[in-house]
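Colleague: build me a model:
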Amino acid sequence: MWQVLFASGSDGVFSVRPQNLRKWMAAETSSIPSAWLVWCPIPSLHLPPVTARRKSRARETWASSRRRVPSRSSSSYSRRRGPGAVTTATATAPHVRVRRRYDSIFSLGDSYADTGNGPVVLDRHAIDNPVMRPPYGSNFFGRPTGRYCDGRLAIDFIAESLGLPLVPPFLARNGSFRAGANFAVAGATALDSSFFRDGELHASGTAAHSAFNTSLNVQLQWFESLKPSLCATGQECREFFGRSLFFVGKFGFNDYTILLLYKGKSVPQVRSFVQDVVRTISMAIERLIKHGATNLD
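Modeller: As a prediction, this is how the structure comes out:
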């Protein structure tokens with residue numbers, strides 16, 4: 001029993017021997033945002049070195065990854081779900097193949113995952129948002145898209161790597177959400193906004209978002225309002241969401257920021273709220289599981 005490293009980068013998924021990891025990382029610098037490294041114990045498996053020809057085959061495999069996941073009884077099957085899924089193979093299988101496991105992505109979170117909900121929230125309250133002006137979005141989209149960066153976010157790279165469309169912001173209400181929906185809002189907190197209303201909040205930045213109440217619980221309510229349009233019965237929902245990937249977080253950063261910067265709490269005082277944040281996130285995950293989610297990150 002020994003360990004092999006599988007790398008998912010711009011050229012698909014292929015094996016990298018531990019001694020060659022540094023060389024691969026240097027070659028993949030431009031695609032590191034979309035790269036995952038996964039250690040996988042595999043018995044008696046001989047893997048060829050990464051060559052230009054093997055990379056070319058990996059690209060072809062990645063392009064054809066929309067086929068269904070093989071069963072556990074076949075010669076290869078998925079041992080790890082999620083981005084950069086690892087597929088174990090027998091010694092007779094010449095290639096490591098990756099097949100698409102998910103049909104949709106649903107995301108809850110803050111600015112690290114917000115693909116356009118934040119500007120909608122601020123527009124409803126007539127608050128100017130600099131994220132809708134250059135240089136935001138200039139590095140990839142060529143225009144501001146509501147993302148709090150100059151290009152793509154981690155969730156964009158994940159969607160592209162899984163062969164799925166970029167996850168649309170739920171509040172934009174543009175088109176179908178059968179391939180997924182993004183409920184994340186910049187400045188969102190894990191705890192409900194009422195938790196922070198024991199004093200006046202500044203109408204700017206993170207505090208302003210919390211005043212609008214875009215908390216984890218609110219995002220879950222948005223998901224639950226969308227659910228009837230995606231599936232009708234319990235069985236349909238289990239099947240639909242069983243083929244979906246759910247992202248919950250990150251949450252907590254904005255909670256602690258508000259408590260420290262806007263509420264004047266000390267670090268020891270803020271630490272006392274960690275259990276509340278963790279409990280809220282745990283309850284949200286359990287709630288999603290009851291709705292049929294089986295793949296959560």
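
Colleague: remind me which residues of the stretch 101-250 of the chain are low pLDDT?
Modeller: Along the stretch 101-250 of the chain, segments meeting pLDDT under 70 span 198-211.

Colleague: the helices in it, which residues?
Modeller: Along the stretch 101-250 of the chain, counting by DSSP state H, counting those that start in this stretch, helices occupy 117-124, 154-161, 205-212, 216-226, 234-242.

Colleague: can you list those helices in TSV and add mean neighbour count and distance to Ser107?
Modeller: The C-beta positions use only the backbone N, C-alpha and C, and glycine is treated the same way. Listed next are the helices of the stretch 101-250 of the chain as TSV, based on neighbours: other Cβ atoms under 10 Å; distance: least, Cβ to Cβ, whole Å:
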stretch	mean neighbour count	distance to Ser107
helix 117-124	20	10
helix 154-161	20	6
helix 205-212	21	17
helix 216-226	18	9
helix 234-242	14	14
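
Colleague: among those, which is nearest Tyr148?
Modeller: Of all those, helix 117-124 sits nearest to Tyr148, with 7.2 Å by Cβ to Cβ.

Colleague: got the contact list for that closest one?
Modeller: Helix 117-124 has contacts (Cβ atoms under 8 Å, 6 or more residues apart in numbering) with 111, 128-129, 131-132, 146, 148, 169-172, 182-187, 208-209, 212, 214.

Colleague: what domains does the record give for this structure?
Modeller: Here the domain assignment for the chain is 2-89, 104-290, based on automatic domain parsing.

Colleague: measure the longest one end to end?
Modeller: From the first residue to the last, domain 104-290 extends over 18 Å; the measure is Cα to Cα, to the nearest Å.

Colleague: re earlier: narrow the contacts of helix 117-124 to just the buried residues.
Modeller: Buried residues within these, counting neighbours by 16 or more other Cβ atoms under 10 Å: 111, 129, 131-132, 146, 148, 169-171, 182-187, 208-209, 212, 214.

Colleague: show me the contacts for Phe241.
Modeller: By Cβ under 8 Å, 6+ apart, the contact set of Phe241 is 231, 291-294.

Colleague: so Asn159 touches Arg152, yeah?
Modeller: Actually, residue 159 is Ala. It isn't Asn. No - assessed by Cβ atoms under 8 Å, Ala159 is found out of contact with Arg152, at 9.3 Å.

Colleague: gap between the nearest residue to Phe170 once chain neighbours are set aside and Phe212?
Modeller: Nearest residue to Phe170 in three dimensions, chain neighbours excluded: Ala181, at 4.6 Å (Cβ to Cβ, 6 or more residues apart in numbering). Applying Cβ to Cβ, to the nearest Å, the value for Ala181 to Phe212 is 19 Å.

Colleague: quickly note the distance from Ile155 to Pro134.
Modeller: 22 Å.

Colleague: I'd say Leu260 and Phe273 touch.
Modeller: No - counting by Cβ under 8 Å, Leu260 stays clear of Phe273, with 10.5 Å between them.

Colleague: so between these two, which is more surrounded?
Modeller: Neighbours were counted for Leu260 and for Phe273 using other Cβ atoms under 10 Å; Phe273 has more, 17 against 14.
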